[in-house]
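1. build me a model:
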Amino acid sequence: MTLSELENVNFEPLNPINYPGWDKLLETNSVASFFHSSIWSKVLADTYKYKPLYFTTLVDGQMQCLIPMMEVDSILTGRRGVSLPFSDYCEPIISEQHCVENAVESLVNFGRKAGWKYFELRIGGGLPEDWPVYKSFYGHRLSLLQDSATIFSGLKRTVKQNINKAQRKEVQVEEGSSLSSLKEYYRLNCVTRKRHGLPPQPFSFFKSIFDNIISQKLGLVLLAYYKNIPIAGGMFFQFDDKVIYKYNALDKKFQDLRPNDLITWWAIKRFCKEGFKNFSFGRTETSNEGLRRFKKGWGVEESIIRYYRYIFSQEKFVEGPEREISNIFLFKKMPIPLLKMAGTLLYKHIG
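-> Residues are numbered from 1 along each chain as shown. Okay, here's the model as predicted:
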């Protein structure tokens, strides 16, 4: 299809949850990730009541263009479009790179009529270089095209030492497939979020993940145990031949046992053996050098993830603030039951 023909094709919002064969359509495109899937859309829509608006061009049953979008309509933070909430990245699927501006123009027209304050795109690249970036993150991916022994040889010495230490201390990693395992992970998640000065996501979010992803064998919950005590956890989602390490948790009293290193290595070996090709470590704040250093120790390829925000009142993409308001100190002081309440109340408004 020529560029001029593609520009004249309708770019319309679809709901992937109700669209038959949506995920099969995605599998034909190498850019597609778990975040483009109908499963992730269902988790977000069910938990937070966001409205899926996946702007799509289909030609002869093939996906030519796609920008997934969720409409967040909040009495606290206003109405806007986000691609996608609580997602590390969500690359547009554009068959012709020159059509990016045409697709964005369609979003602007739709958002103006819908009364959006702004819309946000979370991508690695593809927009014109002169468009301002709202915020940047690091992305890290590990190729699983080699066997696990070769991957292990490419790890940094400290990572190898941490894995070996966890094994010497007899830390055990187990796959959690029950609701009780999910609750154990959630307990660790709450402890971790408090330590970072953040409220935990509502339990209903993880319950939806369990119902739609874990129980359907589309992801894993891994728990690390020391003397039968769960001390760390990790959550992994899979799509086609790709995996993302989405969430992790740790009881800091056991940090010296290096359970998270062992969980990561256990998952890499598992997915490598099962024929997956790409292992994503998700996004990393550019200011978080410690986390960046940890991820780079796994022999990953580093990239830049860019968030672009179009403000309708200014009719343009804008740069982000140099510093963002933070309530880290306040949340660190809250007891966990109160933090859970805060998370349940706030998350649907901040997607």
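
2. hey, let's count contacts and neighbours off CA atoms from now on
-> Will do.

3. what residues are up against Val72?
-> Shown in contact with Val72 (Cα atoms under 8 Å, 6 or more residues apart in numbering): Tyr50, Lys51, Gly78, Arg79, Arg80, Gly81, Val82, His349, Gly351.

4. just give the closest residue to the fourth one, not the sequence neighbours.
-> Same thing as Arg79. Leaving aside its sequence neighbours, Arg79 sits nearest to Asp73 (Cα to Cα, 6 or more residues apart in numbering; 4.2 Å).

5. for the second one, same thing?
-> Nearest residue to Lys51, sequence neighbours excluded (Cα to Cα, 6+ apart): Glu71, at 5.0 Å.

6. that neighbour belongs to a helix, doesn't it?
-> No - read with DSSP: H, G, I helix; E, B strand; the rest coil, Glu71 is strand and lies in no helix.

7. and the end-to-end length of stretch 55-68?
-> 6 Å (Cα to Cα, to the nearest Å).

8. residues making contact with it?
-> Contacts for stretch 55-68 (Cα under 8 Å, 6+ apart): 9-14, 25-26, 36, 52-54, 69, 83-84, 90-95.

9. which parts of that stretch are buried?
-> Phe55, Thr56, Thr57, Leu58, Met63, Gln64, Cys65, Leu66, Ile67, Pro68 (16 or more other Cα atoms under 10 Å).

10. adding secondary structure, write these out as TSV.
-> Shown next, in TSV, are these (three-state DSSP):
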residue	secondary structure
Phe55	strand
Thr56	strand
Thr57	strand
Leu58	strand
Met63	strand
Gln64	strand
Cys65	strand
Leu66	strand
Ile67	strand
Pro68	coil
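
11. which segments of this structure make up each domain?
-> For the chain, the structural domains run 3-126+306-350, 139-303, going by automatic domain parsing.

12. how about those domains, which one is nearest Val133?
-> If you check each of the domains of the chain against Val133 by Cα to Cα, domain 3-126+306-350 wins as the nearest, at 5.2 Å.

13. and the closest one, how far from the chain's centre?
-> 12 Å (Cα atoms, centre = their mean, to the nearest Å).

14. name the helix or strand of this protein that has the lowest mean pLDDT.
-> Lowest by mean pLDDT, DSSP states H and E among the helices and strands of the chain is helix 3-7, with a mean of 42.

15. filter the contacts of Val72 to the buried ones?
-> Tyr50, Lys51, Arg79, Arg80, Gly81, Val82, His349, Gly351.

16. show me what contacts the last one?
-> Spelled out, it's Gly351. Counted by Cα under 8 Å, 6+ apart, Gly351 has contacts Val72, Val82, Pro85, Phe86.

17. any idea how far the second one lies from Ser181?
-> Relative to Ser181, Val82 is positioned 31 Å away (Cα to Cα).

18. the domains of the chain: lowest mean pLDDT?
-> Among these, domain 3-126+306-350 has the lowest mean pLDDT, at a mean of 87.

19. so Phe34 makes contact with Phe237?
-> Yes - if you go by Cα atoms under 8 Å, Phe34 and Phe237 touch, sitting 7.0 Å apart.

20. which residues do those two both contact?
-> Val243, Ile244.

21. of the buried residues of stretch 55-68, which is the nearest to Ile163?
-> Closest to Ile163, out of all of these and judged by Cα to Cα, is Pro68, at 37.9 Å.

22. name the nearest residue to that closest one, sequence neighbours excluded.
-> Per Cα to Cα, 6+ apart, closest to Pro68 is Tyr54, 4.1 Å.

23. repeat for Ile304
-> Per Cα to Cα, 6+ apart, closest to Ile304 is Tyr138, 4.8 Å.

24. hmm, back to that, so can I have TSV of the buried ones among the contacts of Val72 showing secondary structure?
-> Converted to TSV, these look like this (three-state DSSP):
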residue	secondary structure
Tyr50	coil
Lys51	strand
Arg79	strand
Arg80	strand
Gly81	strand
Val82	strand
His349	helix
Gly351	coil
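
25. touching, Leu145 and Phe279? I think so.
-> No - Leu145 is beyond contact range of Phe279, at 10.1 Å (criterion: Cα under 8 Å).

26. the two: which has the busier surroundings?
-> Remark: of Leu145 and Phe279, Phe279 carries more neighbours, 23 against 14, as counted by other Cα atoms under 10 Å.

27. and that one, its phi and psi?
-> Phe279 adopts backbone torsions of phi -120, psi 110, taken as degrees, to the nearest 10.

28. give me every residue that touches it.
-> Counted by Cα under 8 Å, 6+ apart, Phe279 has contacts Arg141, Leu142, Ser143, Leu144, Lys242, Val243, Ile244, Tyr245, Ile268.

29. tell me which of those fall in helices.
-> Ile268 (DSSP state H).

30. by neighbours, which of the contacts of Phe279 wins?
-> Val243 (27 neighbours).

31. and the spatially closest residue to that one that is not a sequence neighbour, bridged to which residues?
-> By the measure of Cα to Cα, 6+ apart, the closest residue to Val243 outside its immediate chain neighbours is Phe279, 4.8 Å from it. Note on Phe279: beta-bridge partners by DSSP bridges are Leu142, Val243.
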